[in-house]
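Asks: Quick one: sequence plus predicted model below, questions after.
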Amino acid sequence: MTRPFRHTHLLGIEGLEASDVAQILDAAEVFYEVSRRPVRKVPTLRGKSVINLFFEASTRTRTSFELAGKRLSADVVNISTSTSSVTKGETLLDTVQTLQAMHPDVVVIRHSASGAPHYVSERVGCSIVNAGDGAHEHPTQALLDAFTIRRAKGTLSKLVVTICGDVAHSRVARSNAILLRLFGTEVRVVGPRTLMPSEVESLGVKVFDRLEPALEGADVVMVLRIQRERLEGALLPSMREYSRTFGISPRTLGYAKPDAIIMHPGPMNRGVEIAPEVADHARSAILDQVEAGVAVRMAVLYLLAGEAGAGPGTQG
Amino acid sequence: MQPGETVMDAESIARTVRRLAHEIVEHAGGTERLALVGVRRGGVPIAERLARAIEEAEKQVVPVGSVEIALYRDDAATALPDPKIGPSRIDFDVTGREVVLVDDVMQTGRTIRAAIDCLLDYGRPRRVWLAVLLDRGGRELPIAPDFVGRVVQVPGGARLEVKLDDVGFERAICVRSATT
């Protein structure tokens, strides 16, 4: 890291520069090492408070943020809508302002409405981290994906990354496309037309409607989750047909580069968007992504919860 | 010592490192369980130089690691984000070892307190020693080095800098104003 982090919140990848992303990823390298020690905890954020406010069900993201905060010695509180006053009719702003009165340093928000974290960030005094808002952004997922790619490939530049599946409903795809384009990487998206947003080219990506040419020469194959319950019958004829046309199998993986890595934000539908042999492949980076998630979220909390403008190190 | 003044030149540093290496081996009762851990960043090249001196004298390789103390600073909440942070690297098991923490300059003792905290997160050494090239006094915590290169008096507000390069101690140590 070469300078203090210049942002108060992390609301999306949009608005970040490549140098901001590099700063977060460099910090995450430090915390990646911390997470592999016998004692996976440092006292860095002792006395700081982090509230995880999840209006949508999420096990892995919430757990990852919780572990990140605890490994930095922050006090971490988890609130989910099923146990909060939201079920009693309280508004989002009332909920957050009530929490604000308890003086947290960071509030991590997941909400089904796009823009909810932005709305809150303009009305409270603490740092807000977007942990996923509607189909808009999921910045820490994109950052952990970038961290995983950088560790596997040594760079984020001049690669070919193919994102497969339900791009229309995916905040992960959107955040990843914005981030990877910052580094000049070629981003391809492929999936059924019904699952492709109409303005997708505006993200600077190349759009494909067939899997094989989209995978040709790819360094990274990023598979998105198909939400069976939401899509079958409405936007897809059947899961079986989707799997045959757009599922990543050992055969279709053969179109990518021999050293291509396979990624998936989880949870996976084995046998639908990804074949079990691919999910468990030697080049699968799916569990690496999970490990990277804690390190990246530690880095984000570290950079946001510290006071900006560090002085010179004291001699001691 | 006045700003700009040289405290130790390359030759005296090399001589001091050889002496410290002998003292360390003697007090640790040999090299069998010995390990050196440099405090990032100034202590790391000193630890590596000490390890080479021990190897030359004893024909034994001593493992060398490093600890990053920024995450353990007692002023972390107000000093973050630290622009100089890097990863700790200890590739050997510290449990049961005679570990020598190594730093270039010692003043308040707060860095060493943080370094001890960090080291103990890697295991339980049999004993932890402390070696510093320069002790400039001004302790704020009850921490004292076991092996000292030289004790120097430095005016308040001035810094001691150990200027090293990748291949050795080609540059001398100077006292200079904190503002320069």
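Replies: Sure, I can see it.
Asks: pLDDT weak spots in the stretch 151-300 of chain A?
Replies: A:230-233 (pLDDT under 70).
Asks: Which residues does the most centrally placed residue in chain B form beta bridges with?
Replies: Central residue of chain B (Cα atoms, centre = their mean): residue B:103, 1.3 Å from the mean position. Beta-bridge pairing of residue B:103 under DSSP bridges involves residue B:132.
Asks: how close does it get to residue B:51?
Replies: 15 Å (Cβ to Cβ, to the nearest Å). C-beta here means a position set from N, CA and C on the backbone, and glycine is covered the same way.
Asks: what's the answer for residue B:39, then?
Replies: For residue B:39 relative to residue B:51 (Cβ to Cβ), the value is 15 Å.
Asks: neighbour-wise, which of the two wins?
Replies: residue B:39 (28 against 23; other Cβ atoms under 10 Å in any protein chain shown).
Asks: Contacts only, for residue A:35.
Replies: Listed by Cβ atoms under 8 Å, 6 or more residues apart in numbering or on different chains, the contact partners of residue A:35 are A:71, A:291, A:294, A:295, A:298.
Asks: Surely residue A:263 touches residue A:148?
Replies: Yes - shown here, residue A:263 and residue A:148 form a contact pair, counting by Cβ atoms under 8 Å, at 6.7 Å.
Asks: who touches both of those two?
Replies: Contacts common to residue A:263 and residue A:148, judged by Cβ under 8 Å, 6+ apart, are A:285, A:289.
Asks: Does stretch A:74-83 reach chain B?
Replies: No - figure legend: stretch A:74-83 not in contact with chain B (Cβ under 8 Å from any Cβ of the partner chain); closest approach 10.3 Å.
Asks: what pLDDT, on average, does that stretch get?
Replies: In this model, stretch A:74-83 has an average pLDDT of 85.
Asks: before we move on, the earlier item: touching, the residue nearest to the centre of chain B and residue B:114? I think so.
Replies: No - in terms of Cβ under 8 Å, residue B:103 does not count as a neighbour of residue B:114; the distance is 10.9 Å.
Asks: thought residue B:70 was touching residue B:110?
Replies: No - at 12.0 Å, residue B:70 and residue B:110 do not qualify as touching, with contact defined as Cβ under 8 Å.
Asks: Please pull out the lowest mean pLDDT helix or strand from chain B.
Replies: helix B:76-79 (a mean of 58; mean pLDDT, DSSP states H and E).
Asks: For the contacts of residue A:35, which PyMOL command selects only the ones that are buried?
Replies: Applying 16 or more other Cβ atoms under 10 Å in any protein chain shown to the contacts of residue A:35, the buried members can be selected in PyMOL as follows:
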select buried, chain A and resi 71+291+294+295+298
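Asks: for chain B, longest helix please?
Replies: Taking DSSP state H as the criterion, chain B has its longest helix at helix B:10-28.
Asks: For stretch A:249-260, buried residues please.
Replies: Neighbour count says stretch A:249-260 has A:249, A:252, A:253, A:255, A:256, A:257, A:260 buried, by 16+ other Cβ under 10 Å.
Asks: what separates the third one from residue A:282, distance-wise?
Replies: It refers to residue A:253. For residue A:253 relative to residue A:282 (Cβ to Cβ), the value is 12 Å.
Asks: what does the fifth one give?
Replies: According to Cβ to Cβ, residue A:256 and residue A:282 sit 14 Å apart.
Asks: could you list every residue that touches residue A:106?
Replies: A:48-51, A:69, A:74, A:126-129, A:301, A:304-305.
Asks: mind running it again at 7 Å?
Replies: A:50, A:126, A:127, A:129, A:301, A:304, A:305 (Cβ atoms under 7 Å, 6 or more residues apart in numbering or on different chains).
Asks: what number of residues lie near the second one?
Replies: Going back to what we said before, that points to residue A:126. 22.
Asks: Got the confidence number for the residue nearest to it when sequence neighbours are not counted?
Replies: Using Cβ to Cβ, 6 or more residues apart in numbering or on different chains and skipping residues adjacent in sequence, the residue nearest residue A:126 is residue A:104, 5.3 Å away. Per-residue pLDDT puts residue A:104 at 95.
Asks: for residue A:104, phi and psi?
Replies: Note on residue A:104: its backbone torsions stand at phi -80, psi 160 [degrees, to the nearest 10].
Asks: Let me see the contact set for it.
Replies: Residue A:104 is in contact with A:49, A:50, A:51, A:126, counting by Cβ under 7 Å, 6+ apart.
Asks: my read: residue B:115 touches residue B:69, true?
Replies: Yes - assessed by Cβ atoms under 7 Å, residue B:115 is found in contact with residue B:69 at 5.1 Å.
Asks: Touching both of those two, which residues are there?
Replies: Joint contacts of residue B:115 and residue B:69 (Cβ under 7 Å, 6+ apart) are residue B:39.
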